[in-house]
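Q: Predicted model, plus sequence, below.
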Amino acid sequence: MENLNIPATINTPEVNLDFAASQFSLKGESHPEDVTEFYQPILAPLEAYFASLGEGICNFDFEFIYFNSSSAKIVMILMELLEEAAENGATVLVRWIYDPEDDNMMELGEEFGEDFENAQFALVEQES
């Protein structure tokens with residue numbers, strides 16, 4: 001599977017999908033005008049990858065400054081895919097990286113983390 005790297009814009013996050021290293025990240029702001037158009041080319045290869053992961057290892061970092069409600073739905077889909085991969089035997093580590101001064105983003109991370117039963121979830125403060 002080919003790696004995918006998309007630079008951040010004012011409305012979209014930086015996307016790094018390194019399939020060879022099983023290392024993935026979304027970083028920045030996410031409020032694209034068309035959420036489906038932006039995220040579909042990201043979700044499709046991730047779905048295929050997670051479905052074939054088996055007992056492999058996967059690390060996924062979320063480091064958002066802000067995201068809108070439409071992007072939150074995408075984050076939820078990604079979290080469900082990660083949890084499903086862990087249910088199927090993969091070792092999955094999800095890191096929610098947040099600014100320690102951003103209580104809202106920390107609380108969102110806590111809420112997302114509550115849904116994990118099989119994947120490992122860590123709230124991580126950004127280093128200054």
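A: Okay, I see it. Numbers count the residues shown, from 1 in each chain.

Q: residue ranges for the strands of the chain, please.
A: Assigned by DSSP state E, the strands in the chain fall at 4-6, 14-18, 23-30, 57-67, 91-98, 120-125.

Q: Need the ones you listed in a markdown table (columns: mean pLDDT and distance to residue 50).
A: Using the backbone N, CA and C atoms, a C-beta is placed for each residue, glycine as well. Shown next, in a markdown table, are the strands of the chain (pLDDT from 0 to 100; distance: least, Cβ to Cβ, whole Å):
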| stretch | mean pLDDT | distance to residue 50 |
| --- | --- | --- |
| strand 4-6 | 97 | 14 |
| strand 14-18 | 98 | 11 |
| strand 23-30 | 98 | 10 |
| strand 57-67 | 97 | 7 |
| strand 91-98 | 98 | 9 |
| strand 120-125 | 97 | 15 |
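
Q: Which positions within the helix ranked longest in the chain qualify as buried?
A: Criterion DSSP state H: the longest helix present in the chain is helix 69-87. Neighbour-count burial for helix 69-87 flags 70-72, 74-75, 78-79, 81-86 (criterion: 16 or more other Cβ atoms under 10 Å).

Q: on that earlier part again, could I get the strands of the chain in JSON lines, plus columns for mean neighbour count and distance to residue 113?
A: Below are the strands of the chain laid out as JSON lines (neighbours: other Cβ atoms under 10 Å; distance: least, Cβ to Cβ, whole Å):
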{"stretch": "strand 4-6", "mean neighbour count": "13", "distance to residue 113": "25"}
{"stretch": "strand 14-18", "mean neighbour count": "17", "distance to residue 113": "21"}
{"stretch": "strand 23-30", "mean neighbour count": "20", "distance to residue 113": "16"}
{"stretch": "strand 57-67", "mean neighbour count": "19", "distance to residue 113": "10"}
{"stretch": "strand 91-98", "mean neighbour count": "20", "distance to residue 113": "7"}
{"stretch": "strand 120-125", "mean neighbour count": "14", "distance to residue 113": "4"}
